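A.B. asks: Provided below are the primary sequence and the corresponding predicted coordinates.
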Amino acid sequence: QEQPNGARALSAIWLLSPDADADRRQLERMGLDHATPVRLPQIAAQGYRIQVGRKELLALQPAGPGIAADALRDGGPQLLGISIEVQDIDRAQRRVERGYDVRIPRYQGSQGDAFLAPTQADLGLLVEFHASGAGES
């Protein structure tokens, strides 16, 4: 089903804790054992990307001051965000910018061309939109 902003699929779930390696080990004990390191400078986080079928689970911890550290300090371990694949990144960005009445910068995220919607205050989590297609390794 085509969404108005071109959304195609939920592609990743972002978990946040003070110790991403401990989370990775726990997920490994549950059979999710294909972890690779990942850095998300746009939220000052680092940790592991774990493939779950064609989706990803990101086990993250803060990597210095920034969004991740603030979220952990304010709310403890949590579901920090999600990634959504969109067919047309430009259309999705225009729609989100119009809805929030702000300009939003783009970046090269872990899954390619992306932007972070300012949704933490109203939805309680971050929403990253990224272009369809292969992401970076």
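C.D. replies: Nice, thanks for sending it over. Numbers count the residues shown, from 1 in each chain.

A.B. asks: Span of stretch 96-108 from start to end?
C.D. replies: 18 Å (Cα to Cα, to the nearest Å).

A.B. asks: what's the answer for stretch 106-114, then?
C.D. replies: By Cα to Cα, one end of stretch 106-114 lies 6 Å from the other end.

A.B. asks: Just the residues contacting it, thanks.
C.D. replies: Applying Cβ atoms under 8 Å, 6 or more residues apart in numbering, the contact partners of stretch 106-114 are 11-12, 38, 40-42, 49, 56, 58, 83, 85, 89, 93, 115-116, 128-131, 133-136. Where C-beta positions appear, they are placed from N, C-alpha and C, glycine not excepted.

A.B. asks: helices or strands up against the lengthiest helix in the chain?
C.D. replies: Ordering each helix of the chain by length in residues (DSSP state H) puts helix 89-100 first. Counting contacts by 3 or more Cβ pairs under 8 Å, 6 or more residues apart in numbering; DSSP states H and E, helix 89-100 is packed against strand 112-117, strand 126-131.

A.B. asks: and after that helix, which helix or strand comes next?
C.D. replies: Following helix 89-100 in sequence order, the next helix or strand is strand 106-109 (DSSP states H and E).

A.B. asks: returning to that earlier point: centre of the chain versus the longest helix of the chain, how much separation?
C.D. replies: Helix 89-100 has its C-alpha centroid displaced from the chain centroid by 17 Å (Cα atoms, centre = their mean, to the nearest Å).
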